[in-house]
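Colleague: Build me a model from this:
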Amino acid sequence: MQPFVIELKALGPGKSAFEWKTGREFFESFGNSDVLDAGIAVSATLVNHGLTIDVACEIRGSVTVPCDRCLEPLELPVDTSFEETFAPESHVLDLNQDVYDFVMTSLPMQRVHGEGGCNSETTKFIAEN
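Modeller: Residues are numbered from 1 along each chain as shown. I've put the predicted structure just below:
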């Protein structure tokens, strides 16, 4: 499933707006099995200048991944954006890779529950070693 594709022949000159929602299946399409669940909303504003297209995207929602400490599900907020200028070489503008990259790089490197939030049974074994 590739939701963030815009047909350029349907895009008139000037400003256009698009909105999409996606979930876990979007991340699976990139071979990412670390994302257990997701609820992502993307809004894009495009300005068609003829030869170039300015794109401004806002990405909000959450992604659930395994906690690095206890391996239990951990929901992380996603709140990121990007702006780019494209000179399309085809009849479509595909923002899938951009959305995926910005979501993944917005997540923290260490993904752990807050103090006391980890599964106590698991952390008990960690403390013993």
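Colleague: If you count neighbours, what's buried in stretch 40-49?
Modeller: 40, 42, 44, 46, 48 (16 or more other C-beta atoms under 10 Å). Using the backbone N, CA and C atoms, a C-beta is placed for each residue, glycine as well.
Colleague: nope, stretch 59-72 is what I meant
Modeller: 59, 61, 63, 65, 67, 69, 70.
Colleague: Likewise for stretch 6-16?
Modeller: By 16+ other C-beta under 10 Å, the buried positions in stretch 6-16 come out as residue 6.
Colleague: which other residues reach it?
Modeller: Residues from elsewhere that reach stretch 6-16 (C-beta atoms under 8 Å, 6 or more residues apart in numbering): 18, 44-50, 53, 88, 90-93, 95.
Colleague: residue contacts, residue 53?
Modeller: 8, 11, 46, 47, 85, 86, 87, 88, 93.
Colleague: List just the nearest of those to residue 34.
Modeller: Among these, residue 93 lies closest to residue 34 (C-beta to C-beta), at 27.6 Å.
Colleague: Can you tell me the number of residues neighbouring the closest one?
Modeller: When counting by other C-beta atoms under 10 Å, one arrives at 19 neighbours for residue 93.
Colleague: Could you check how far the residue lying closest to it once chain neighbours are set aside is from residue 121?
Modeller: The shortest distance from residue 93 to any non-neighbouring residue, by C-beta to C-beta, 6 or more residues apart in numbering, is to residue 6 (4.5 Å). To residue 121, residue 6 is 48 Å away according to C-beta to C-beta, to the nearest Å.
Colleague: and what of residue 57?
Modeller: From residue 57 to residue 121 the distance is 41 Å (C-beta to C-beta).
Colleague: Of those two, which one has the most company?
Modeller: residue 57 (21 against 9).
Colleague: In this protein, what residue spans correspond to helices?
Modeller: Shown for the chain, the helices assigned by DSSP state H span residues 24-28, 96-106, 120-128.
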